[in-house]
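# sequence first, predicted coordinates after that:
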Amino acid sequence: MRRKDGIDLIKTIAIFCVIVIHVSAPGYSAAGADYYASLFWGSVTRMAVPLFFMCTGALLLDPERGFSAGRFFKKNFLRLVLALFFWAAAYKLGHLAARGAITGSNVLYALRELALFRHEPHLYFLHIMLLLYAFIPVLRVLTEHAGKRTLVWLLALWALTGIVYPTVRPFWPFRLLDGVPAQWMMNMAYASFGYALLGHFLMKYPMKRGLGAALFIAGFAVTFGGTLIMSRGALYEGFLQGMSVGVALQAAGLFGLLSGAKPRRTGLVRYVSRASFCVYLVHIFIVYGAAKLGWSVLLLPCAVSIPLAALVTLAVSCGIYFVLSKIPFVRSYLV
């Protein structure tokens, strides 16, 4: 099936945003301009993972895309499982090697951790993707038969229980709720289904670009402003969560703005898009390596160092993908 340039562009931006989020973390402990710059970069890129969920929905829930449940689980689902456990093991061994602590007992403990899904923190995305992939055949039945009004109603329910409720839950009077009403809030992993449905919906019923830009700006204002106001002495992460109101607005706005775009450097965008899964998997190794060498975004003004570090990390990660993609089995199942 023909590639969708807009989706490739969104995935390229999303993977860059993932890296920005991770390299900007040290700046939250800084003061003055570096703190505000870190918060700016961390906020303006916060919709990265939701965008990947939306791209998954836009591609896998497309009724024009041929689909076989058996083939999907043998290829896509199996690939995700193998990649998850391979790279989770690689990070475990990497940490042990860095400490000079590769012993029989430590390796056995690491294997136990792997079996219990106690993996590198950023691999939570793959944990959710396993669940989302398991539900793809059911979601396809839903999207193939539901009309626009039904999808709007379903997305509204998701927005209320999976996005708005989790955002306001810590605040009065919502924090006073107990019993069953406290359970109306959607679990984060299942709330990701809403992003997949939203991606499908916005591909089928495109948003006007002006509205997309307005939603993104409004979402950034909520994410950045809410975090700035609530962070008194310690970083408040409630407005930075993927299932928060500001982030959802940013994701919907940017997706609506770019889903129909035609990037000029199509070749470069497609390459980074294809590499994005591998980049997500390996970029933390580069972040750790830079820290081990004593390099930090705090060595330069964060307004400049954060995007620069993210670009370098992206370039090195794409270089790793170039090498790994030449190995047939690795290309097919691990990156």
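Done, it's in.

# going by C-alpha atoms from here, please, whenever you check contacts or count neighbours.
Noted.

# residues in contact with residue 201?
58, 151 (CA atoms under 8 Å, 6 or more residues apart in numbering).

# tally of neighbours for residue 44?
22 (other CA atoms under 10 Å).

# which residue packs closest to it, ignoring adjacent ones?
Among residues not flanking residue 44 along the chain, residue 220 sits closest, at 5.9 Å (CA to CA, 6 or more residues apart in numbering).

# next one: residue 29
Nearest to residue 29 is residue 35, by CA to CA, 6+ apart, at 7.0 Å.

# what's the answer for residue 192, then?
residue 53 (6.7 Å).

# run through who's touching whichever strand or helix holds that neighbour.
Here residue 53 is covered by helix 48-60, with elements defined by DSSP states H and E. Applying CA under 8 Å, 6+ apart, the contact partners of helix 48-60 are 7, 10-11, 13-15, 17-18, 65, 125, 136, 140, 192-193, 195-203, 242, 248, 251, 255.

# can you tell me which of the residues you listed are in helices?
Judged by DSSP state H, helices contain the following of these: 7, 10-11, 13-15, 17-18, 125, 136, 140, 192-193, 195-203, 248, 251, 255.

# which residues of the stretch 1-150 of the chain score low on pLDDT?
For the stretch 1-150 of the chain, the stretches with pLDDT under 70 are 1-2.

# hey, where'd the strands end up in it?
Applying DSSP state E, counting those that start in this stretch to the stretch 1-150 of the chain gives no strands.

# got a list of what the closest residue in space to residue 164 that isn't next to it in sequence touches?
Counting by CA to CA, 6+ apart, residue 245 is the residue found nearest to residue 164 once chain neighbours are left out, at 5.8 Å. Residues near residue 245 by CA under 8 Å, 6+ apart: 163-164, 167, 219, 222-223, 239.

# so how far is residue 167 from residue 245?
With the distance defined as CA to CA, to the nearest Å, residue 245 ends up 6 Å from residue 167.

# the residue nearest to residue 29: what's it in contact with?
Contacts for residue 35 (CA under 8 Å, 6+ apart) come out as 27-29, 302.

# what subset of those residues is buried?
For the contacts of residue 35, a neighbour count by 16 or more other CA atoms under 10 Å gives the buried set as 27-28, 302.

# in helices only, show me these.
Under the assignment DSSP H, those contribute residue 302 to helices.

# the residue nearest to residue 164 and residue 233: what is the separation?
23 Å.

# can you check residue 210 too?
According to CA to CA, residue 210 stands 37 Å off from residue 233.

# between the two, which has more neighbouring residues?
residue 210 (11 against 6).

# quick one, what contacts the more buried one?
By CA under 8 Å, 6+ apart, the residues touching residue 210 are residue 257.

# could you do the one 10 residues further on as well?
With contacts defined as CA under 8 Å, 6+ apart, residue 220 is in contact with 43-44, 246-247, 249-250.

# what number of residues lie near the residue lying closest to residue 325 once chain neighbours are set aside?
Closest residue in space to residue 325, ignoring its immediate chain neighbours: residue 331 at 4.5 Å, by CA to CA, 6+ apart. Residues near residue 331, counting by other CA under 10 Å, number 15.

# let me know the helix or strand that residue 331 is in.
Using DSSP H and E, residue 331 sits in helix 328-333.

# for that helix, which helices and strands make contact with it?
On a contact count with 3 or more CA pairs under 8 Å, 6 or more residues apart in numbering; DSSP states H and E, helix 328-333 meets helix 78-98.

# other residues contacting the helix it packs on?
By CA under 8 Å, 6+ apart, helix 78-98 touches 102, 106-107, 110-111, 114, 119-120, 123, 126, 130, 281, 285, 332-335.
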